[in-house]
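Asker: Turn this into a structure:
(2 chains)
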Protein chains: 2
Amino acid sequence: MEVENRYVAVRHHVERYPSEEDFEVKAAAVGWTPGSGEVLVKNLYLSIDPYQLNRMKRHSASHHSVEVIVPGERISAYGAGEVVASACAQYKEGDVVVGVLAWEDYTMFRPDATTLIGKVDDASSSGFPMSYHIGVLGTSGMTAYGGFYEVCKPQRGEKVFVSAASGSVGSLVGQFAKLAGCYVVGCASTQAKVDLLKDKLGFDDAFNYKEEPDLKSALKKYFPDGIDIYFENVGGEMLEAVLANMNAYGRVAVCGAIAEYTDRGRRAAPDLLEVIYKRITLRGFFAFDFVTKFQEYVEIIGDLITEGKLQVVEDISDGLESVPSAFIALFRGENVGKKLVKLA
Amino acid sequence: MEVENRYVAVRHHVERYPSEEDFEVKAAAVGWTPGSGEVLVKNLYLSIDPYQLNRMKRHSASHHSVEVIVPGERISAYGAGEVVASACAQYKEGDVVVGVLAWEDYTMFRPDATTLIGKVDDASSSGFPMSYHIGVLGTSGMTAYGGFYEVCKPQRGEKVFVSAASGSVGSLVGQFAKLAGCYVVGCASTQAKVDLLKDKLGFDDAFNYKEEPDLKSALKKYFPDGIDIYFENVGGEMLEAVLANMNAYGRVAVCGAIAEYTDRGRRAAPDLLEVIYKRITLRGFFAFDFVTKFQEYVEIIGDLITEGKLQVVEDISDGLESVPSAFIALFRGENVGKKLVKLA
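Answerer: Numbering: from 1, shown residues only, chains lettered A, B, ... in the order given. Got it, this is the predicted structure:
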């Protein structure tokens, strides 16, 4: 069996803001044979995440943990799809799988101990739209749940600030914070997103950071009693402003720094005196740190959705050729919620 | 009973490098009466610590946790002295006390639940020179021991880097790291200090950071397998260079940032991508966080000294009038080990 596989690649390393010209859609035949031990998946949903930009750089601290993206080659990415051919007993035609696939029409893999592709067939995770399995029930959910509960260790009544709060992870963290009995404020880049946070997602308050000339004063206004927990998604001057408003024993979960991904010269210069005298902890992490708790998280999050306690916000583009524009939109703040591409 | 008390004060807030002109020695009569409930102490050793510069500033994050120093007024400081008059049953004439006294000849206090002044009379802490009680058996020891064991959580074989390694705290941290079975490298500002670290304090290696044009490369050379633990005393570009050389799950104990105390514009701009992708934790703390474990630490450290396993390095100036020059010397890197002033 042979399929024509189209895949998205970068033409060269991407060091700053991505643009359409940085990408190309390439094609190659993929051949599957019955005795190969391989599984061929037709991809249906692909996850579009900001961290991929770090992988596209020639040099980046991200290369310590995730593979660099080689210009012209396939780009691995979380996704969901359907098995169309299998030479492996664990998988059969028609199975829905979710995990590390790629920005392409078809992904072929040979299952082994390190394969991060699982079947969606257990009671706890079925019954939801397929797209949920790569967002709220996938890496975004893991990142938000693990980051908030394991890294931030929230206590009822604590004051929580979330940046990029309408994004895939931020929108979940804010809701988890409310469920944990915290006071939560989010920031975002448009009035529509601010309205979403307050009206649909239940944030206690929200603001458009682009309309605040002085972030330090803005945070003082929204947190007259200080910030106990900061879920960091943006970096830059936001982190500095938060530390200035943080309470003693405050915790910063460093999940992302999107403002710094596109500009290496733009860095937070936190006041270490704030860190010392307020005994602040900053801790970096990412989704796969919680991989052993994945099933537990999926069950808890699935129940919350079923009970109507957790709202899921998705932003879906259509067709493989829309992957570059969907990706670029992340850095323009154009997405609301989890950004996905649905394939034909 | 009335004594003439001389005390050191600042003439105005001190925002950058301190100089002799910023200080003055003032005098005032102190009257003690038998029914007052107060204790009068003749001070014998005063601790000279870099953090006092933050207290001297008009605005500083340190004011969250330690009182601002008011120009013209007494400056509280750790010290040791002898009770010369007591109107309180707990203390009697001749008792040696150690705790929060002040940069002055005599300190009078009224004991209550918040008093941080204790008697040196229990078996575990006696028998050592009096000066030890305000350094290795006082705040420096608490900071080093608590910071290293509680914050850094060292494992045998881990690679530890200590900045300002010949200072009061750094010199102890490096020795604790060796006792914990770690590989430890320190940096300092002169060849004499480097020799001390290697020859007397048992560091595996040490270097003069002033002779290294590129800190990142220097650390790469001293830590070919990366850094697991960084005990941060200086801030600025040193922190950035360390993060670039840090291993996954590295820990930074943020104890001090002396390079930033004298220059508010000089700040570390750590690469948050290093923090995220290596899952690095940075945590601020200070000595009094470990106050409940003080007695336990003092006993452990005392035993180590007795057994010859811990070297104590002190740098003692003479006379109250030398307090300003002793303090200024800290920021010139002129001290070696714990800086103290011995009073007449």
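Asker: what residues does the stretch 201-344 of chain A put near chain B?
Answerer: A:232, A:235, A:239, A:244, A:248, A:254-257, A:260-261, A:267-286, A:289 (C-beta under 8 Å from any C-beta of the partner chain). Placement of C-beta: from N, CA and C, glycine included.
Asker: Narrow those to those in strands?
Answerer: A:232, A:248, A:254, A:281-284 (DSSP state E).
Asker: hmm, back to that, can I have the buried ones of the residues of the stretch 201-344 of chain A next to chain B as a PyMOL selection?
Answerer: Applying 16 or more other C-beta atoms under 10 Å in any protein chain shown to these leaves a buried subset, and the PyMOL line that selects it is:
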select buried, chain A and resi 232+235+239+244+254+255+256+257+260+261+267+268+269+270+271+272+273+274+275+276+277+278+279+280+281+282+283+284+285+286+289
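Asker: related to what we said a few turns ago, columns distance to A:I316 and pLDDT on top of the ones in strands among the residues of the stretch 201-344 of chain A next to chain B, output as a markdown table?
Answerer: A markdown table is the format used below for those (distance: C-beta to C-beta, whole Å; pLDDT from 0 to 100):
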| residue | distance to A:I316 | pLDDT |
| --- | --- | --- |
| A:E232 | 27 | 96 |
| A:A248 | 43 | 96 |
| A:V254 | 28 | 97 |
| A:T281 | 37 | 98 |
| A:L282 | 34 | 98 |
| A:R283 | 32 | 98 |
| A:G284 | 30 | 97 |
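Asker: Low-confidence stretches in the stretch 51-200 of chain A?
Answerer: Filtered on pLDDT under 70, the stretch 51-200 of chain A yields the residue ranges A:122-126.
Asker: Any idea which residue of it lies closest to chain B?
Answerer: The minimum distance from the stretch 51-200 of chain A to chain B, using C-beta to the nearest C-beta, falls at A:A61 (3.8 Å).
Asker: That residue: what's its closest spatial neighbour, skipping adjacent residues?
Answerer: The shortest distance from A:A61 to any non-neighbouring residue, by C-beta to C-beta, 6 or more residues apart in numbering or on different chains, is to B:L273 (3.8 Å).
Asker: I'd say that neighbour and A:A259 touch.
Answerer: No: the pair B:L273 / A:A259 is not scored as a contact, 11.9 Å apart, by C-beta atoms under 8 Å.
Asker: And the helices in the stretch 101-250 of chain A, which stretches?
Answerer: A:139-146, A:170-179, A:191-195, A:215-222, A:237-244 (DSSP state H, counting those that start in this stretch).
Asker: got those as TSV, with distance to B:Y106 columns?
Answerer: Formatted as TSV, the helices of the stretch 101-250 of chain A follow (distance: least, C-beta to C-beta, whole Å):
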stretch	distance to B:Y106
helix A:139-146	56
helix A:170-179	53
helix A:191-195	60
helix A:215-222	42
helix A:237-244	39
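Asker: List the buried residues of the strand ranked longest in chain A.
Answerer: For chain A, the strand that runs over the most residues, judged by DSSP E, is strand A:76-86. Within strand A:76-86, the residues that count as buried by 16+ other C-beta under 10 Å are A:76-81, A:83-86.
Asker: same deal with stretch A:316-334?
Answerer: A:317, A:320, A:322-331, A:333.
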